[in-house]
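K.L.:
I'd like to go over a predicted model; first the sequence, then the structure.
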Amino acid sequence: MSGPADLVGFSRGMYSNWLWHRPLQLLVDAGEGLQLALGSSVYAPSVLAVTHGHSDHVLGLPGLVAARRFGKGAQDKPLTIVYPDGSRGVRGVRALLDTSYAGVSFPITWIGVGPGASVPIAKGRHLEAFAVDHTGGGPALGYRVIEQRRRLRPEFASLPAAEIERRARAGDREAMTEAVPHVLFGHSGDAMPIPVDLVRHADLLVHDATFLDVADRREPIHAGTLEALAVAREAGVRALVLHHLSIRYDRGTALHMLRAQTAESGFKGAAWLLDGSEFWPLSQPSQVRSERGKGRSQP
Ligand SMILES: [Zn+2]
């Protein structure tokens, strides 16, 4: 279920950034133009996770909220907005909603969180916030979606299948298994490289990849493409989407370089660059084709 077949998004640093993960019903960030791009899917998101309050990540929120409230559709559908507690950018957008639409109540639950906070988003799944290095002074978060899975405890592994089945039916299922958290999805937001342990064996990682060469970096607030690929390789993630590539680079040259970097990085999963609204394949075409599957629809 991971990979761009399930994703719609937009990424351009300083302009607009957002990602809609359809199977998880999760929106990450709300850059400008979001509601236009979502079109008839504007009512689909139940949860919006805001990584930080920079304008290119939050200025699409008033448009999204208004489109849902005043459009023809599920106008009362609740939207939960998880955001970094104390974010000035988010506070500004809330104030805009309160003043521009005075007297209108929006079905929004605002949840201000810090690193380590956990918000249930579906049965057996929760959204967890983690700290990232990006804004300097203001709060910035990455997010991951964790699913609680169960597996057979190692001491029962040698039992014949029929015996395991018999004991499970006799009511020993809980005692014979142990909880294993599985990372379905990780998103760095805008950030320096995130800790590998947070996204180990994740189905999908979306990571900041602003600089083709970290020599171009002035402040320690964005990752380089090689750094993002290294996180993905070391964590053993299955699929990787790089985003937020600096607008300073010529796109043709950048794609050529990124494909070479991906091949040399040792990352074995499928990889893409999200640039504007396009997902450009970076890894082997055969690998990418099977991951893309059908049903990908760009608005
Ligand atoms: Zn930012």
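P.N.:
Ah, there it is.
K.L.:
Spit out the contact partners of the residue in the stretch 151-299 of the chain that the ion sits nearest to.
P.N.:
Closest to the ion within the stretch 151-299 of the chain is D190: 3.7 Å, counting by C-beta to the ion. Heads up, the C-betas are built off the backbone N, CA and C, glycines and all. Residues near D190 by C-beta atoms under 8 Å, 6 or more residues apart in numbering: 13, 17, 51-52, 54, 57, 132, 134, 140, 208, 210, 221-222, 244.
K.L.:
And it, what's its pLDDT?
P.N.:
What the model reports for D190 is a pLDDT of 94.
K.L.:
repeat for P4
P.N.:
So P4 comes in at 74 (pLDDT).
K.L.:
Does S41 touch Q25 like I think?
P.N.:
No - if you go by C-beta atoms under 8 Å, S41 and Q25 don't touch, sitting 10.5 Å apart.
K.L.:
Would you mind listing what in the protein touches the ion?
P.N.:
On the criterion C-beta under 5 Å from the ion, the ion has as its neighbours in the chain the residues H54, D190.
K.L.:
Point out where the chain drops to low pLDDT.
P.N.:
Residue ranges of the chain with pLDDT under 70: 1-3, 284-299.
K.L.:
Dead centre of it: give me the residue that sits there.
P.N.:
Nearest to the geometric centre of the chain sits H187, at 3.7 Å (C-alpha atoms, centre = their mean).
K.L.:
so which helix or strand takes in the residue nearest to it when sequence neighbours are not counted?
P.N.:
In this structure, H187 finds its nearest non-sequential neighbour in V206, 4.5 Å apart by C-beta to C-beta, 6 or more residues apart in numbering. Taking DSSP states H and E as the criterion, V206 maps to strand 204-208.
K.L.:
which residues make contact with the helix or strand following that strand from outside it?
P.N.:
Downstream of strand 204-208, the first helix or strand assigned by DSSP H and E is helix 225-235. Outside helix 225-235, the residues that touch it by C-beta under 8 Å, 6+ apart are 188, 192-194, 196-197, 199-202, 205, 207-209, 211-212, 214, 223, 240, 242, 245, 258, 261-262, 265-269, 271.
K.L.:
okay, the angle between helix 225-235 and strand 204-208?
P.N.:
Angle, helix 225-235 to strand 204-208, by axes from the mean of the first three to the mean of the last three C-alpha atoms, to 10 degrees: 150 degrees.
K.L.:
buried ones in the lengthiest helix in the chain?
P.N.:
As assigned by DSSP state H, the longest helix anywhere in the chain is helix 251-265. For helix 251-265, the neighbour count (16 or more other C-beta atoms under 10 Å) marks A254, L255, L258, R259, Q261, T262, S265 as buried.
K.L.:
which ones are touching the nearest residue to S283 once chain neighbours are set aside?
P.N.:
Leaving aside its sequence neighbours, S283 sits nearest to A271 (C-beta to C-beta, 6+ apart; 4.5 Å). Under the criterion of C-beta under 8 Å, 6+ apart, the neighbours of A271 are L229, A232, A239, L240, V241, L242, T262, P281, L282, S283.
K.L.:
try L159
P.N.:
For L159, the residues meeting the contact criterion (C-beta under 8 Å, 6+ apart) are R167.
K.L.:
Make 137 the starting number, not 1.
P.N.:
Fine by me, first position is 137 from now on; the one you just mentioned is L295.
K.L.:
And it, how close does it get to E414?
P.N.:
Separation of L295 from E414 (C-beta to C-beta, to the nearest Å): 51 Å.
K.L.:
Please apply the same query to E299.
P.N.:
To E414, E299 is 53 Å away according to C-beta to C-beta.
K.L.:
more neighbours, these two?
P.N.:
Remark: of E299 and E414, E414 carries more neighbours, 14 against 11, as counted by other C-beta atoms under 10 Å.
K.L.:
Am I right that Y279 is in contact with A267?
P.N.:
No - applying C-beta under 8 Å, one finds Y279 not in contact with A267, separated by 11.2 Å.
K.L.:
where does the closest residue to P181 other than its chain neighbours fall, phi/psi-wise?
P.N.:
Distances taken as C-beta to C-beta, 6+ apart place L163 nearest to P181, at 4.2 Å, with adjacent residues excluded. The phi/psi pair for L163 (degrees, to the nearest 10) reads phi -110, psi 130.
K.L.:
Now do the contacts for L163.
P.N.:
Here L163 is in contact with W154, L155, W156, H157, L170, P181, V183, L184, A185 (criterion: C-beta under 8 Å, 6+ apart).
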